[in-house]
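Student: kindly return the folded structure for what I paste below:
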Amino acid sequence: QVQLVESGGGLVQAGGSLRLSCAASGRTFSRYAMGWFRQAPGKEREFVVAISWSGGDTAYADSVKGRFTISRDNVENTVYLQMNSLKPEDTAVYYCAASKFLYASASSRREADFGSWGRGTQVTVSS
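Tutor: Down below sits the predicted model:
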């Protein structure tokens, strides 16, 4: 099992930027695809973005494509989410997750394919 701790959330005005970090410890981080999900008040948790174990493959939800960028540092055991041009509808708790499967691509968007989750970090975008 891998332990995940998110950081970097906060309050930002619309059009602003935030960079989320997810620090991993435990099993070998570099062998697993990683993802970010988010849950807005009163809504179900949804997929945001994923990155393959190597970092060579990424997948984005349409709602964030062109504004958000995922990256990973397999030496520092950290995955990042750079969020630009933030909108009020991006307000949510953002969760980092690690794939259940070794050497996975970024193709899975299902929560069931991710076996380890962080506690989340709040992102609030004011209009």
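Student: show the contacting residues for the spatially most central residue of the chain.
Tutor: When Cα atoms, centre = their mean is applied to the chain, the residue found nearest the centroid is residue 36 (2.2 Å). With contact taken as Cβ atoms under 8 Å, 6 or more residues apart in numbering, residue 36 is in contact with 20, 22, 48-50, 70, 79, 81, 94-97. (C-beta placed from N, C-alpha, C; glycine too.)
Student: show me what contacts the residue of the chain most remote from its centre?
Tutor: Computed with Cα atoms, centre = their mean, the maximum C-alpha offset from the centroid of the chain is found at residue 127, amounting to 23.0 Å. By Cβ under 8 Å, 6+ apart, residue 127 lies in contact with 14, 88.
Student: how about residue 68?
Tutor: Shown in contact with residue 68 (Cβ under 8 Å, 6+ apart): 48-49, 60, 81-84.
Student: now with 10 Å, please.
Tutor: Counting by Cβ atoms under 10 Å, 6 or more residues apart in numbering, residue 68 makes contact with 18, 20, 36, 48-49, 58, 60-61, 81-86, 90.
Student: of all the strand elements in this protein, which one is longest?
Tutor: Ranked by residue count and defined by DSSP state E, the top strand of the chain is strand 92-102.
Student: touching, residue 43 and residue 37? I think so.
Tutor: No. Applying Cβ atoms under 10 Å as the test, residue 43 and residue 37 come out as separate, 11.5 Å apart.
Student: got any residues that touch both of the two?
Tutor: Residues touching both residue 43 and residue 37 (Cβ under 10 Å, 6+ apart): residue 92.
Student: so between the two, which is more surrounded?
Tutor: Taking neighbours as other Cβ atoms under 10 Å, residue 43 and residue 37 compare with residue 37 leading, 24 against 9.
Student: pretty sure the more buried one is in a helix, no?
Tutor: No. Counting by DSSP: H, G, I helix; E, B strand; the rest coil, one finds residue 37 to be strand, located in no helix.
Student: how much space between it and residue 126?
Tutor: Separation of residue 37 from residue 126 (Cβ to Cβ, to the nearest Å): 22 Å.
Student: test my guess that residue 96 contacts residue 32.
Tutor: No. Taking contacts as Cβ under 10 Å, residue 96 lies outside contact range of residue 32: 11.6 Å.
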